[in-house]
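Asks: below are the sequence and a predicted model for it; my questions follow.
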Amino acid sequence: MKTIPVLFSLLALAGVIARAAPADRPNVVIIYADDLGWGDLGCYGNPVIRTPNLDRMAAEGMRFTDFYSAAEVCTPSRAALLTGRYPLRNGMCHDQFRVLRNNSAGGLPRDEVTLPELLKGRGYSTGIVGKWHLGHLPEHLPAHHGFDAYFGMPYSNDMMPAPDAPKGRPKFYEENNAYWRTPLIRGTEIVEAQPDQRLLTRRYTEEAVKFIREKKAAPFFLYVAHSFPHVPLFASERFRGKSAAGVYGDVIEELDWSVGEILATLRTEGLDRKTLVVFSSDNGPWLIFNHHGGSAGPLREGKGSTWEGGMRVPGLAWWPGKIPAGSVQREIATTMDLFTTCAKLAGATVPADRTIDGLDISPLLFNTGPVARDAFFYYRGATLYAARLGHWKAHYITRSAYGPDQPVKHEPPQLYHLGEDVSERIDRAKENPAVLARINEAVARHRADLKPAPSQLIETVARAN
């Protein structure tokens with residue numbers, strides 16, 4: 001006689017659990033700058049560029065001191081972010097062809113599992129605003145990799161110069177919108193062949209805010225991949241000429257405004273305590289562009305190199321009520337870790353049929369314990385140049401970011417203690433053979449597990465312009 005009431009009670013409880021489940025799955029927003037240096041933000045010590053919103057994000061959340069991109073240039077770093085894997089595993093790197101171009105036929109392979117695909121399986125709405133750079137042909141666009149919505153540029157904002165653009169640097173990269181024809185895409189269709197790049201940051205921000213407001217009723221994943229501060233640099237009228245750091249400062253201060261708008265929207269919509277927001281950069285600053293290139297602070301070199309300035313990037317995490325406010329995390333973390341961490345937070349199953357290099361860093365985010373990381377590996381293209389284990393970093397090959405010099409192999413490897421020598425000036429290999437032995441063992445384990453995929457960066461089609 002009690003069976004029916006008990007059954008109804010169980011059904012009612014199941015309904016409550018089902019309705020409560022979305023609240024247990026946080027929204028995720030990843031904001032990714034392009035070529036932003038470790039030393040470009042106020043909360044990382046920049047004395048000139050004003051970044052009050054990012055500084056507040058750090059004060060209300062967590063600032064990582066040792067946060068890494070998995071590559072030193074655009075395309076492979078973005079592939080690593082979305083797949084949780086070193087780019088060599090999915091063919092999104094090459095020693096000579098460093099990034100996909102606007103005449104590349106390749107793209108992120110369809111059999112790669114991306115973070116938005118995992119989250120869609122958990123009922124998330126998924127959107128990307130901004131730079132894609134993982135294949136511009138229709139079959140490679142975000143719609144084929146788990147994104148419901150896409151608005152942005154298919155590759156870097158300098159890859160479609162107008163025929164009458166002046167040749168050579170620095171004139172080629174002066175702020176003149178008429179010289180650039182990188183298209184804007186919505187979904188799979190080009191909606192503007194020559195957008196006004198002065199309005200890009202504002203328009204990306206408006207799209208991001210719109211997505212949040214439209215999708216707020218259920219869990220969502222939003223990837224905001226800004227086109228700047230990659231050259232050519234553009235800022236809207238509101239920010240142009242306002243920074244003491246010149247046009248580069250104008251661009252960063254507008255990006256800071258954009259972050260403020262996104263965080264303010266989450267607060268206004270009551271989503272701040274339901275949303276993990278991460279801010280980072282795809283690689284270090286492009287130093288060859290001088291005053292258009294940003295700063296790596298005390299770190300050596302910049303974009304294109306495997307010195308710290310090329311791959312150590314800003315890393316901020318914000319989730320009020322979950323991430324301890326004002327915390328500073330000095331453990332190693334990487335953009336690849338976001339794949340595994342966000343999947344676990346959403347209750348998704350991380351693929352078991354392939355090697356996933358990203359770790360679950362929620363213990364670091366929530367300050368509940370360490371993460372067991374073997375080592376971190378620095379690739380330039382498809383070649384391993386360096387490895388870090390704890391505070392120690394071994395350089396097997398060194399090369400400046402850009403220039404005519406050739407790679408230099410080191411035997412024994414150069415060895416630096418990044419805790420005492422973050423600028424990588426003092427080689428301590430001779431007095432620390434045991435440290436080098438441990439790093440060599442970690443490299444051997446890593447290589448034994450590698451199954452490099454054919455490069456997707458070498459195929460070309462007729463150049464679009």
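Replies: Cool, got the structure.

Asks: neighbouring contacts of stretch 264-274?
Replies: By C-beta atoms under 8 Å, 6 or more residues apart in numbering, the residues outside stretch 264-274 that reach it are 23, 26-27, 29, 209, 212-213, 216, 263, 275, 277, 319-322. (C-beta placed from N, C-alpha, C; glycine too.)

Asks: actually, stretch 399-416.
Replies: With contacts defined as C-beta under 8 Å, 6+ apart, stretch 399-416 is touched by 72, 287-288, 301-307, 310, 380, 383, 385-386, 392-398, 424-430, 432-433, 435-436, 439.

Asks: quote the end-to-end distance of it.
Replies: 16 Å (C-alpha to C-alpha, to the nearest Å).

Asks: now that stretch: buried residues?
Replies: Using 16 or more other C-beta atoms under 10 Å as the test for burial, stretch 399-416 gives Arg399, Ser400, Ala401, His410, Pro413, Gln414, Leu415, Tyr416.

Asks: give me the next element, helix or strand, following the helix or strand encompassing the fifth one.
Replies: Element membership for Pro413, per DSSP states H and E: strand 408-417. On the C-terminal side of strand 408-417, the closest following helix or strand by DSSP H and E is helix 433-449.

Asks: next, the angle strand 408-417 makes with that next one.
Replies: 120 degrees (axes from the mean of the first three to the mean of the last three C-alpha atoms, to 10 degrees).

Asks: quick check, nearest of the contacts of stretch 264-274 to Gly369?
Replies: Lys322 (15.1 Å; C-beta to C-beta).

Asks: these two touch, right, that closest one and Phe366?
Replies: Yes - contact criterion C-beta atoms under 8 Å: Lys322 and Phe366 qualify, at 6.3 Å.

Asks: ok so, going back, can I get the buried residues of stretch 399-416 in JSON lines including distance to His292?
Replies: Below are those laid out as JSON lines (distance: C-beta to C-beta, whole Å):
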{"residue": "Arg399", "distance to His292": "23"}
{"residue": "Ser400", "distance to His292": "19"}
{"residue": "Ala401", "distance to His292": "15"}
{"residue": "His410", "distance to His292": "32"}
{"residue": "Pro413", "distance to His292": "34"}
{"residue": "Gln414", "distance to His292": "31"}
{"residue": "Leu415", "distance to His292": "34"}
{"residue": "Tyr416", "distance to His292": "29"}
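
Asks: the residue nearest to Ser104 when sequence neighbours are not counted: what's it in contact with?
Replies: Nearest residue to Ser104, sequence neighbours excluded (C-beta to C-beta, 6 or more residues apart in numbering): Thr460, at 6.0 Å. Applying C-beta under 8 Å, 6+ apart, we find Thr460 in contact with Arg101, Asn103, Ser104, Ala105.

Asks: show me which pair in the buried residues of stretch 399-416 is furthest apart.
Replies: Pairwise distances across these peak at 21.0 Å for Ala401 and Leu415 (criterion: C-beta to C-beta).

Asks: quick one: pLDDT of Lys171?
Replies: The score at Lys171 is 58. That number is its pLDDT.

Asks: do the same with Asp405
Replies: Note on Asp405: pLDDT of 85.

Asks: that one sits in which helix or strand?
Replies: Asp405 belongs to no helix or strand when assigned by DSSP H and E.

Asks: need phi/psi at it.
Replies: Asp405 has phi and psi values of phi -70, psi 150 when expressed as degrees, to the nearest 10.

Asks: ok so Val328 is a helix residue?
Replies: No - read with DSSP: H, G, I helix; E, B strand; the rest coil, Val328 is strand and lies in no helix.

Asks: wait, it touches Asp66, no?
Replies: No - Val328 is not in contact with Asp66 according to C-beta under 8 Å; the separation is 10.5 Å.

Asks: neighbour count winner among the two?
Replies: Set Val328 next to Asp66 and count neighbours by other C-beta atoms under 10 Å: Asp66 wins out with 19 against 11.

Asks: quick check: chain neighbours aside, which residue is closest to that one?
Replies: Distance criterion C-beta to C-beta, 6+ apart; nearest residue to Asp66, sequence neighbours excluded, is Ile332 at 5.0 Å.

Asks: which ones are touching the nearest residue to Trp392 once chain neighbours are set aside?
Replies: Among residues not flanking Trp392 along the chain, Val435 sits closest, at 5.1 Å (C-beta to C-beta, 6+ apart). Applying C-beta under 8 Å, 6+ apart to Val435 gives the contacts Leu389, Trp392, Leu415.

Asks: closest to Asp353 out of those residues?
Replies: Checking the contacts of Val435 one by one against Asp353 (C-beta to C-beta), the nearest turns out to be Leu389, at 28.0 Å.

Asks: re the thing from before, and the strand holding Pro413, how far out from the chain middle?
Replies: 28 Å (C-alpha atoms, centre = their mean, to the nearest Å).

Asks: cool, stretch 77-97 as well?
Replies: Averaging C-alpha positions (C-alpha atoms, centre = their mean) puts stretch 77-97 12 Å from its chain's average.

Asks: so where's the stretch 101-250 of the chain uncertain?
Replies: Scanning the stretch 101-250 of the chain for pLDDT under 70 picks out the ranges 168-174.

Asks: what's the domain layout of this structure?
Replies: The record's domain parsing of the chain by automatic domain parsing lists 26-365, 376-449.

Asks: ranges for the helices of the protein?
Replies: Using DSSP state H, the helices of the chain run over residues 3-24, 52-60, 74-83, 115-120, 200-215, 246-268, 308-311, 336-345, 362-365, 433-449.
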